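1. Okay, here's the prediction I keep looking at, along with the sequence it came from:
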Amino acid sequence: MKIKDFIKKHHFFLICAGITAMHLIYSIRVSGRQSLAFDEICEIGFIAKGNSWGQILKYFLTIEITNLPLFPLIAALWYRLVPWGQESLLLLTELMTAAGIMVLAYTGRRLKSERMGYLTAAVSVISSTLILRCDMEFRCYAFLFLTLAVALYFYVVRIQTSRCDSRPMEIKYAIALLFLAYSHYFGCLVIVALFIGDFFLFLSKRISIKFIFPYIFAGALLLPWFVAMLAFKEKSLLDFWPTPPILGDIPEALRFVLSNDEPIYVLFLIAMIAFLINGIVRIRKKDFQVVRDYFPLVLIGTIWFIIGIAFIYSTKINPSGGIWVSKYFISLFPAEVLLVSLILNFFIEKSAGLFTMKEGQVCGIVVAFLLLYFGVGNYYYDVKESLEKPLDPFREVWQYLNNQEDIDQAGTGVLVALTDAPMLGFREYYAEHDRAPGSVRFISFKAEDVQEQMEDCDTLYVFNVRNWIDRDETVNLNFDNFKMVEKDSDLYLSKYVKK
């Protein structure tokens, strides 16, 4: 096959891959500039190389009960295979995010047209939220985004071809839902929303009762884990750190998903209003089509179903253990991006005639504008500035400690405001990369004999992560026998010597 024929045949993939490559290359270039954050240090502790696969599963079944085990298992394998370094570590989430963008672009094409696919890719690529919360975090959110994109793709194919009773298609969709179910509990909420969408199609006799099979399959395979978690959990579900939201937090959550880009957010609001009105008008005219008119309503319904469940649960049902966490709303990203792309596609169709330009030319101008105006701004300002402000200076603290001549002496200890899992992650990823295991004496501020271990030290370095030693009311440490000789507030680090 000639190159020209290959390009012509695969032009959509090549163009979307080129757009996505901009995102991936930039992410790779800036990865590793910032120390691993607390949540990532915890993740390393959960999947530490000294932990067996059974221990990893047990930890998520008993302690880390707010997360599901599929991504940690994938991450544990990756962690054991790749060379040491944050650049290598984060390549996993960067590739997952890039794959998610490609799948979402194909969903846009399947939903409407190639132009819609290009717009979807462009709106996704300009997102600083994707870079900072998916690419740059060794957590489950990139995997959540990828599984969401795959599930939505198969959802569109099913309703577009009316193949909800096709066994091969339903098997593919069922597997996609299973992966989504085990990615994050908010992924489970998306599945419930999609089920409700299918249920209304069933009531209107547009699909058969066989539509229920993928949902039963995913739910049946998730249920044993959930029941076992409730049976063996060692941590209360009624006690979680997020504070209850207020009504003003709802638009903030929707903006967060769209990188706080006000023009994109306005397009999103216009899209929701326009497609709701369109649905009502089409129903009254008896000209209602599933893909054209119903799917946008499914997207809108999914968004508000998740927002509503999270808000009600966090304010009324369990205010002391809510689930209103900004990063959890990455589960809304595909729906919000597809709505923005749909309304942009609509405007392009209408504006092409006004400017005596072809729709493809208008689309090219819009994509270029999105990439140059929003993309450059988001990448340079949001991403660059965020990465220059380390949230948790684990790497910087270890670099300082590693340069101290007395750090591995018998009379020196390092008191760290971390519990078991994050302490293991900090030790294994940073300290034990440079020093032999056990050569540096680390003391957890929650250890039962913490005061005795402190008194056994002549020199004590205190890494007060996020000032938790001062903030935790259950901790009462006595430093009367020590004198502070150094303090670095930026690093939360102090040095004490015995009086």
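-> Yes, it's here.

2. Could you use CA atoms for every contact and neighbour count after this?
-> Noted.

3. who touches stretch 420-435?
-> Contacts of stretch 420-435 from elsewhere in the structure, counted by CA atoms under 8 Å, 6 or more residues apart in numbering, are 38, 41-46, 48, 394-395, 398, 402, 416, 437, 440, 444.

4. Give the buried residues for that stretch.
-> Neighbour counts using 16 or more other CA atoms under 10 Å place 421-431 of stretch 420-435 among the buried residues.

5. What is the end-to-end distance of it?
-> Taking CA to CA, to the nearest Å, stretch 420-435 runs 20 Å from one end to the other.

6. swap in stretch 416-428?
-> Looking at stretch 416-428, the gap from its leading to its trailing residue is 14 Å under the measure CA to CA.

7. Next: stretch 201-214.
-> End-to-end distance of stretch 201-214: 15 Å, with CA to CA as the criterion.

8. Next, the buried residues of that stretch.
-> With the criterion 16+ other CA under 10 Å, stretch 201-214 contains buried residues 201-202, 207-208, 211-214.

9. and if you look at stretch 335-352?
-> Residues of stretch 335-352 classed as buried: 335-345, 348-349, 352 (neighbour count, 16+ other CA under 10 Å).

10. mind checking the SS state of Tyr461?
-> Under the three-state scheme (DSSP: H, G, I helix; E, B strand; the rest coil), the conformation of Tyr461 reads as strand.

11. Show the contacting residues for it.
-> Applying CA under 8 Å, 6+ apart, one finds that Tyr461 lies in contact with 412-415, 493-496.

12. With Ala253 instead?
-> 326, 329.

13. in the stretch 351-499 of the chain, what spans have low per-residue confidence?
-> By pLDDT under 70, the low-scoring segments of the stretch 351-499 of the chain are 352-381, 390.

14. nope, the stretch 51-200 of the chain is what I was after
-> Counting by pLDDT under 70, the ranges of the stretch 51-200 of the chain that qualify are 162-165.

15. Try it again at 80.
-> When residues are selected by pLDDT under 80, those of the stretch 51-200 of the chain lie in 161-167.

16. so where do the strands sit in it?
-> All residues of the stretch 51-200 of the chain lie outside strands when identified by DSSP state E, counting those that start in this stretch.

17. now do the stretch 351-499 of the chain
-> Listed in chain order, the strands found in the stretch 351-499 of the chain under DSSP E, counting those that start in this stretch are 412-416, 442-444, 459-463, 482-488, 493-498.

18. For the ones you listed, give me TSV that also has distance to Arg255.
-> As requested, those are exported to TSV (distance: least, CA to CA, whole Å):
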stretch	distance to Arg255
strand 412-416	36
strand 442-444	38
strand 459-463	35
strand 482-488	35
strand 493-498	35
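
19. closest to Trp53 out of the ones you listed?
-> Between Trp53 and the strands of the stretch 351-499 of the chain, the shortest gap by CA to CA is with strand 442-444, which sits at 24.9 Å.

20. contact partners of the closest one?
-> Around strand 442-444, the neighbours that count as contacts under CA under 8 Å, 6+ apart are 413-420, 423, 450, 453-454.

21. who does it pair up with?
-> When pairs are called by DSSP bridges, strand 442-444 turns out to pair with strand 412-416 (parallel).

22. mind checking how far the strand it pairs with is from the chain centre?
-> Going by CA atoms, centre = their mean, to the nearest Å, the spacing between the C-alpha centre of strand 412-416 and its chain's C-alpha centre is 33 Å.

23. For it, give me every contacting residue.
-> Contacts of strand 412-416 with the rest of the structure, by CA under 8 Å, 6+ apart, involve 406-407, 423, 440-445, 454, 457-465.

24. Go again with 6 Å.
-> Contacts to strand 412-416, defined as CA atoms under 6 Å, 6 or more residues apart in numbering, come from residues 441-445, 457, 459-463.

25. any idea of the angle that strand forms with strand 459-463?
-> Here strand 412-416 points in a direction 20 degrees away from that of strand 459-463 (axes from the mean of the first three to the mean of the last three CA atoms, to 10 degrees).

26. list the buried ones in strand 412-416?
-> Counting neighbours by 16+ other CA under 10 Å, one finds that the buried residues in strand 412-416 are 412-416.

27. Let's have these in JSON lines, adding distance to Asp287.
-> Below are these laid out as JSON lines (distance: CA to CA, whole Å):
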{"residue": "Thr412", "distance to Asp287": "77"}
{"residue": "Gly413", "distance to Asp287": "74"}
{"residue": "Val414", "distance to Asp287": "70"}
{"residue": "Leu415", "distance to Asp287": "69"}
{"residue": "Val416", "distance to Asp287": "65"}
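
28. Find me the pLDDT at Thr243, would you?
-> As predicted, Thr243 sits at a pLDDT of 88.

29. Need the residue closest to the centroid of this structure.
-> With distances taken as CA atoms, centre = their mean, the residue of the chain nearest its centroid is Tyr141 (2.0 Å).

30. Make sure that one is actually in contact with Cys134.
-> Yes. Taking contacts as CA atoms under 6 Å, Tyr141 lies within contact range of Cys134: 5.3 Å.

31. quick revisit: got the contact list for the residue nearest to the centre of the chain?
-> The neighbourhood of Tyr141, defined by CA under 6 Å, 6+ apart, consists of Cys134.

32. chain center to the helix of greatest length in the chain: distance?
-> Identified as the longest helix of the chain according to DSSP state H is helix 86-111. For helix 86-111, the separation from the chain centroid amounts to 12 Å (computed by CA atoms, centre = their mean).

33. Which other helices and strands does that helix contact?
-> Where contact means 3 or more CA pairs under 6 Å, 6 or more residues apart in numbering; DSSP states H and E, helix 86-111 is packed against helix 114-125, helix 141-161.

34. So which of those helices is the most surrounded?
-> For the helices and strands packed on helix 86-111, the stretch with the most neighbours on average is helix 114-125, a mean of 27; neighbours defined as mean count of other CA atoms under 10 Å.

35. what's that one packed up against?
-> When contacts are defined as 3+ CA pairs under 6 Å, 6+ apart, helix 114-125 sits against helix 86-111, helix 333-354.

36. want to try a markdown table for those helices, with distance to Phe6 as columns?
-> Conversion of these to a markdown table gives the following (distance: least, CA to CA, whole Å):
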| stretch | distance to Phe6 |
| --- | --- |
| helix 86-111 | 19 |
| helix 333-354 | 27 |
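
37. mind checking which of those is nearest Met169?
-> If we rank the helices and strands packed on helix 114-125 by CA to CA, the stretch that ends up nearest is helix 86-111, at 15.1 Å.

38. what's the angle between that closest one and helix 141-161?
-> Relative orientation of helix 86-111 and helix 141-161, computed by the same axes, to 10 degrees: 10 degrees.

39. Is Trp241 in a helix, a strand, or coil?
-> Classified using three-state DSSP, Trp241 is coil.
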